[in-house]
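>>> Sequence and predicted structure below; questions after.
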Amino acid sequence: MGTQCHHDTDLVVEALIDALGKHSPPAIVHQDQGSEYCSERYDIIALSQGVELSFSAKGHHGKMASRKVLSLLQDRDQSQKA
C-alpha cells in the first residue's frame, strides 16, 4: 500500500516563505494548477519577491514547463546582451 501525499495552501505558503528566507528568490516558480498554488496568499508572497509564476497547461505538465523556462532564459540572455 502506497503513502498518500496531500498538501494544502498553508503548507505550500509556509514552504515558500521558508525557502525565500533561506535563498535568493528564483526568477520563476513552476507548478501544476493545484488549488494550493493558485491561492491569493501564495501569489502575493511570490510576486512581492519578484518571482514569476508559471503553470502547466492541463495534461501537458513537463512540456509546457520546459517551453516557458526556455523562453524566459532566451529573453534574459537577449536583455543581458543589449
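Good, I have the coordinates. Numbering: from 1, shown residues only.

>>> List the neighbours of stretch 14-22 that are in contact with it.
The set of residues external to stretch 14-22 that reach it, using Cβ atoms under 8 Å, 6 or more residues apart in numbering, is 29, 42, 45, 46, 49. Glycine gets a C-beta too; all of them are placed from N, C-alpha and C.

>>> Tell me which residues of that stretch come out buried.
By neighbour count on 16 or more other Cβ atoms under 10 Å, the buried set for stretch 14-22 is 16, 20.

>>> and residue 36, that's in a strand?
No - assigned with DSSP: H, G, I helix; E, B strand; the rest coil, residue 36 falls outside any strand and is helix.

>>> residues in contact with it?
Residue 36 makes contacts with 7, 8, 9, 11, 12, 42, as judged by Cβ under 8 Å, 6+ apart.

>>> Report the spatially closest residue to residue 25, excluding sequence-adjacent ones.
With Cβ to Cβ, 6 or more residues apart in numbering as the criterion, residue 25 has its nearest non-adjacent residue at 4.2 Å, and that residue is residue 49.

>>> what about the nearest residue to residue 32 once chain neighbours are set aside, how many residues close to it?
Spatially, and ignoring its direct neighbours in sequence, residue 32 is nearest to residue 56 (5.2 Å; Cβ to Cβ, 6+ apart). Around residue 56 there are 17 other residues, counting by other Cβ atoms under 10 Å.

>>> i'd like the first residue to be 594 from this point on
Understood, numbering begins at 594; the last thing we discussed is residue 649.

>>> Residue 649 contacts residue 630, correct?
No - contact status for residue 649 versus residue 630: not in contact, 10.3 Å apart, counting by Cβ atoms under 8 Å.

>>> Between these two, which contacts overlap?
Where contact means Cβ under 8 Å, 6+ apart, the residues bridging residue 649 and residue 630 through contact with each are residue 624.
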